[in-house]
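# Turn this into a model:
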Amino acid sequence: MTTRLILAAALAANLTGAALGADEHAGAANSNPMTFEPAAFIAALVAFGIAAFILHKFVWPKILKGLQDRENKMRAEIEAAEQARRQAAEALKQYEKSLAEARAEAQAMLEKTKGEQQKLAAELKAKADVELAALRERATRDIEAAKREAINEIYGQATAIASELAAKILQREIRPDDHRRLIEQSLGQLETVKG
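Residues are numbered from 1 along each chain as shown. The predicted structure is shown next:
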């Protein structure tokens, strides 16, 4: 197709050149550039018509198609860029929404954890208070038991000393049954005095 165009353009140029060359030979004496030469005019008009026809029929459609393809490609690229921009804006909006949700969720988790921590601290304090009260009560009971045991031991020793003294005074020995009876009586008296 391109070869035909080149041949047609060369033929048109050749005809124009031949017409002008014939005029130059014939009218060498007449070299006024303002003179009208109908043969040269017709040859130039035919060459122009052939060139215009060839350009119109074969060249311009290809040039227009190339320009149209380029325009379509540019439009497609612009549309793709615009769509990418819209998608990026949508992704940014979605990211910001997700970020806000994550922040709200993190804040809610912090508040929940804080509440649970306060509740756990209150429970631990209450449990520690109960255990401390139980330890105090147990310690008080242990102290009372140790006190009673010490008092019993003191009274036992006092009774033994008193029995020895009484035996020395009476010059006779008190039997174990008498000794036990004296201890029990002394403890009974101590309990009534203490109560």
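
# okay, CA-based contacts and neighbour counts for the rest of this
Will do.

# count of neighbours near Trp60?
14 (other CA atoms under 10 Å).

# Just the helices from this protein, written as ranges.
Secondary structure of the chain by DSSP state H: the helices cover 2-26, 38-54, 60-170, 176-194.

# The longest one: how far from the chain's middle?
Read it as helix 60-170. The chain centre lies 22 Å from the centre of helix 60-170; the measure is CA atoms, centre = their mean, to the nearest Å.

# could you give the angle of that helix to helix 38-54?
Angle, helix 60-170 to helix 38-54, by axes from the mean of the first three to the mean of the last three CA atoms, to 10 degrees: 30 degrees.

# tell me the mean pLDDT for helix 60-170?
Averaged over helix 60-170, pLDDT sits at 87.

# Which strands and helices lie in contact with it?
Here helix 60-170 touches helix 176-194, going by 3 or more CA pairs under 8 Å, 6 or more residues apart in numbering; DSSP states H and E.

# picking up where we left off before, would you list the helices of the chain in JSON lines and tack on distance to Asn32?
As requested, the helices of the chain are exported to JSON lines (distance: least, CA to CA, whole Å):
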{"stretch": "helix 2-26", "distance to Asn32": "11"}
{"stretch": "helix 38-54", "distance to Asn32": "14"}
{"stretch": "helix 60-170", "distance to Asn32": "37"}
{"stretch": "helix 176-194", "distance to Asn32": "163"}
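
# I'd say Ser186 and Ile154 touch.
No - at 11.0 Å, Ser186 does not count as touching Ile154 under the criterion of CA atoms under 8 Å.

# between these two, who's got more neighbours?
Ser186 (17 against 12).

# Who are the contact partners of the more buried one?
By CA atoms under 8 Å, 6 or more residues apart in numbering, the residues touching Ser186 are Tyr155, Thr159.

# separation between it and Glu96?
89 Å (CA to CA, to the nearest Å).

# Pick out the residue closest to the middle of the protein.
Leu99 (6.5 Å; CA atoms, centre = their mean).

# got the buried residues for stretch 56-75?
Across stretch 56-75, burial judged by 16 or more other CA atoms under 10 Å covers Val59.

# and it, C-alpha only, in CSV?
Output of stretch 56-75 as CSV, limited to C-alpha atoms (Å, rounded to 0.1, in the frame of the first residue of the first chain):
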residue,chain,number,x,y,z
HIS,A,56,-7.3,11.7,0.9
LYS,A,57,-7.8,8.0,0.0
PHE,A,58,-4.8,6.4,1.6
VAL,A,59,-2.7,8.7,3.8
TRP,A,60,-5.2,10.8,5.7
PRO,A,61,-7.3,7.9,6.9
LYS,A,62,-4.2,6.3,8.4
ILE,A,63,-3.1,9.5,9.9
LEU,A,64,-6.6,10.1,11.3
LYS,A,65,-6.8,6.6,12.6
GLY,A,66,-3.4,6.9,14.3
LEU,A,67,-4.5,10.2,15.8
GLN,A,68,-7.8,8.7,16.9
ASP,A,69,-6.0,5.7,18.4
ARG,A,70,-3.7,8.0,20.3
GLU,A,71,-6.6,10.1,21.5
ASN,A,72,-8.5,6.9,22.6
LYS,A,73,-5.3,5.6,24.3
MET,A,74,-4.9,8.9,26.2
ARG,A,75,-8.5,8.9,27.2
